[in-house]
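Chemist: missing the sequence, but the structure's below:
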C-alpha cells in the first residue's frame, strides 16, 4: 500500500507469532535446561516412561501461553501486575511476593551456575562468570526492550544450534543404550511408576516455571487477533519443550548411571564422558553462560516493567535506562551475596511452597477466570486500575 511505512522484521509476522515464544524459552532455558538437573528430576529419572512427562510439559506450556497471550491482547496487560489484577483482583500483591522470592532464588542459582560452568569449561576464575552475568545483564537493561528482544532472538539461534550439536554428539555416542532403555522399559533408577504419576510430574514442572511468563508480556503489544495468540502460544509451547526432549534423550544415553543422573550439572558429565574435543567444552560454556544471562535478564526485566506500571499509577516518571541498569546490578549482586549468607537456602526450602503459590495465584485463575473472561469478553472497565479496551474479534 502506498503511503504505508514498511514494518521492520520484529514488527511483522516474526514479532507476532515467534518472538513471544522465543522470549519465553530464553528465560526458561537457563533456569531449567542449562545444567540438565531439572530434566532428571522432572522426567529422565523415570527412564523409558520419562517422555510422558515431556508430553505433559509441552501441553501445559502451550495452554498457559495461549491463554496468557489472549488475556494480554484483550485487556492490554503487558506487565504481570496488570495481568494478575485481571485474574485475581485485589489479591495481586500476593503474586508480587511470590514473584520476588522466586526471582531472588532463580538469580542466585543463575549466578552460581554461571560461575561454575565458566570455571569448569574455560578454566577462568569462578567470579569471572559471575561478573560477566552482572555486566551483560545490566547492559541489556540499560539499552532496553529492543536490544533485549534481539539479544534473546539471536541467543535462541545460538542455543538451538548448541543443543542440537551437543545432544547429537551424546545421542550418537549412546544410541545403543537409548534403544535398550526403551526396548526393556527400563525404569530402574526410580522403580516402576505408572503413566499418570509421570504425567503429573510434567504438570508440576509447568507450575514450577510459571514465573517465566511475565518475561514475554512486553512483546505482546504486536498481537492483534485471537488467531495470532493461539498460533503464537502453540509455537511457544513447542519452542519451550524441544530442549527438554533433546536433554531427555541425551540422558537416556547413560541411563541409569548414577554418575550422570546424580550429578549437579549432568550436561558437563555427559560432555566429558564422550571425550568431546576441547573446543566443544568451551563452546558449551559459552552457550550455557548465554542461557543464564537470558534467564536473569528476563525475570528482572519483568520486575522492572511491573515497577514502571506502579510508578505510572501514582503519576511518577518511569525508570530511566540508567536507573534500570543500576537496579539490575544491585539485584544481581544482592542475590549473590544473600546466597552466601544462607538466605537463599531458607527460600530454597520453601521452593515447593512458592511454586504451589504460583499454581494458586496464576495457573488456576488463568484456567478458570481467564477462560471465562476470554469467552465472555468482559469489558475491562469492570477491572480497577487497568485501561479500557475495545475487544476485537478474529
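Modeler: That came in fine, so what should we check first? This structure is a prediction, so every number in the text was calculated from the model and none was measured. Numbers count the residues shown, from 1 in each chain.
Chemist: residue contacts, the nearest residue to residue 318 once chain neighbours are set aside?
Modeler: Closest residue to residue 318 apart from its sequence neighbours, by Cβ to Cβ, 6 or more residues apart in numbering: residue 308 at 4.2 Å. Any C-beta I mention is one placed from the backbone N, CA and C, and that applies to glycine too. Counting by Cβ atoms under 8 Å, 6 or more residues apart in numbering, residue 308 touches 79, 318-319.
Chemist: so where does residue 308 fall, helix or strand?
Modeler: For residue 308, the host element (DSSP states H and E) is helix 278-313.
Chemist: any idea which helix or strand comes after that helix?
Modeler: Following helix 278-313 in sequence, per DSSP H and E, is helix 321-340.
Chemist: pLDDT of that following helix, averaged?
Modeler: Confidence for helix 321-340, expressed as mean pLDDT, is 81.
Chemist: return the set of buried residues in it.
Modeler: 324-325, 327-329, 331-332, 335-336, 338-339 (16 or more other Cβ atoms under 10 Å).
Chemist: okay if I get the residues you listed as JSON lines plus distance to residue 188?
Modeler: As requested, those are exported to JSON lines (distance: Cβ to Cβ, whole Å):
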{"residue": "324", "distance to residue 188": "50"}
{"residue": "325", "distance to residue 188": "50"}
{"residue": "327", "distance to residue 188": "49"}
{"residue": "328", "distance to residue 188": "45"}
{"residue": "329", "distance to residue 188": "47"}
{"residue": "331", "distance to residue 188": "43"}
{"residue": "332", "distance to residue 188": "41"}
{"residue": "335", "distance to residue 188": "38"}
{"residue": "336", "distance to residue 188": "39"}
{"residue": "338", "distance to residue 188": "39"}
{"residue": "339", "distance to residue 188": "35"}
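Chemist: please identify which of the residues you listed is nearest to residue 135.
Modeler: residue 329 (8.2 Å; Cβ to Cβ).
Chemist: that closest one against residue 134, yeah?
Modeler: Yes - the criterion here is Cβ atoms under 8 Å, and residue 329 meets it with residue 134 at 5.8 Å.
Chemist: that older thread, return the members of the contacts of residue 308 classed as buried.
Modeler: 79, 319.
Chemist: let me know the closest of the contacts of residue 308 to residue 65.
Modeler: Looking at the contacts of residue 308 and their distance to residue 65, the nearest is residue 79, at 16.7 Å (Cβ to Cβ).
Chemist: with adjacent residues omitted, what lies nearest to that closest one?
Modeler: residue 305 (4.1 Å).
Chemist: relative to residue 109, how far out is residue 292?
Modeler: Separation of residue 292 from residue 109 (Cβ to Cβ, to the nearest Å): 9 Å.
Chemist: and if you look at residue 13?
Modeler: Residue 13 is 35 Å from residue 109, by Cβ to Cβ.
Chemist: if we can go back for a sec, looking at residue 292 and residue 109, which is more packed in?
Modeler: Just comparing residue 292 and residue 109: by other Cβ atoms under 10 Å the higher neighbour count belongs to residue 292, 30 against 22.
Chemist: got a pLDDT number for that one?
Modeler: 76.
Chemist: what does residue 347 give?
Modeler: The model reports residue 347 with a pLDDT of 58.
Chemist: so what's the closest residue in space to residue 186 that isn't next to it in sequence up against?
Modeler: Among residues not flanking residue 186 along the chain, residue 47 sits closest, at 4.7 Å (Cβ to Cβ, 6+ apart). Counting by Cβ under 8 Å, 6+ apart, residue 47 touches 181, 185-190, 252, 255-256.
Chemist: hmm, try it at 7 Å
Modeler: 181, 186-189, 255-256 (Cβ atoms under 7 Å, 6 or more residues apart in numbering).
Chemist: residue 336 too?
Modeler: 108, 111, 130.
Chemist: go through those and say which is closest to residue 226.
Modeler: residue 108 (38.8 Å).
Chemist: and the one helix or strand the closest one maps to, which residues are buried?
Modeler: In the assignment (DSSP H and E), residue 108 maps to helix 92-122. The neighbour-count check on helix 92-122 (16+ other Cβ under 10 Å) flags 92, 95-96, 98-99, 101-122 as buried.
Chemist: same deal with stretch 68-83?
Modeler: 68-83.
Chemist: and what of stretch 252-266?
Modeler: So, applying 16+ other Cβ under 10 Å, buried residues of stretch 252-266: 252-257, 260-261, 263, 265-266.
Chemist: next secondary structure after the worst-scoring helix or strand of the chain on mean pLDDT?
Modeler: Sorting the helices and strands of the chain by mean pLDDT, DSSP states H and E puts helix 343-349 at the bottom, at a mean of 59. As assigned by DSSP H and E, the chain's next helix or strand after helix 343-349 is helix 351-358.
Chemist: ok, and what's touching that next one?
Modeler: Applying Cβ under 7 Å, 6+ apart, the contact partners of helix 351-358 are 98, 101-102, 105, 207-208, 210-211.
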